[in-house]
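Trainee: predicted model, plus sequence, below.
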Amino acid sequence: MSDSHKKPIAPADDDCCGGGSCNPCVWDHYYAELQKWRIEEAKRREQVEADKNSK
């Protein structure tokens, strides 16, 4: 697993137009990236625990 996977940064308040017609919205992209990050973090924690237990 790469160490370069960083938690996504939420869009600034003025990055979203608030109109609801953008598809995808900057928030849609952020939440998709956040979900990927959370999955990656869970895998990392699992691997760390497996490494600890194998020693």
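Mentor: Right, received. Where do you want to start?

Trainee: residue 6: what's it in contact with?
Mentor: residue 37 (C-beta atoms under 8 Å, 6 or more residues apart in numbering). No exception for glycine: its C-beta is placed from N, CA and C like everyone else's.

Trainee: on the three-state scheme, it is what?
Mentor: Put simply, residue 6 is coil when judged by DSSP: H, G, I helix; E, B strand; the rest coil.

Trainee: again, but for the one 5 residues further on
Mentor: For residue 11, the secondary-structure state derived from three-state DSSP is coil.

Trainee: quick one: it from residue 41, how far?
Mentor: Per C-beta to C-beta, to the nearest Å, residue 11 is found 20 Å from residue 41.

Trainee: swap in residue 6?
Mentor: 11 Å.

Trainee: so where do the helices sit in the chain?
Mentor: Using DSSP state H, the helices of the chain run over residues 26-53.

Trainee: any stretches of the protein with poor pLDDT?
Mentor: 1-4 (pLDDT under 70).

Trainee: center of it - which residue?
Mentor: residue 34 (2.4 Å; C-alpha atoms, centre = their mean).
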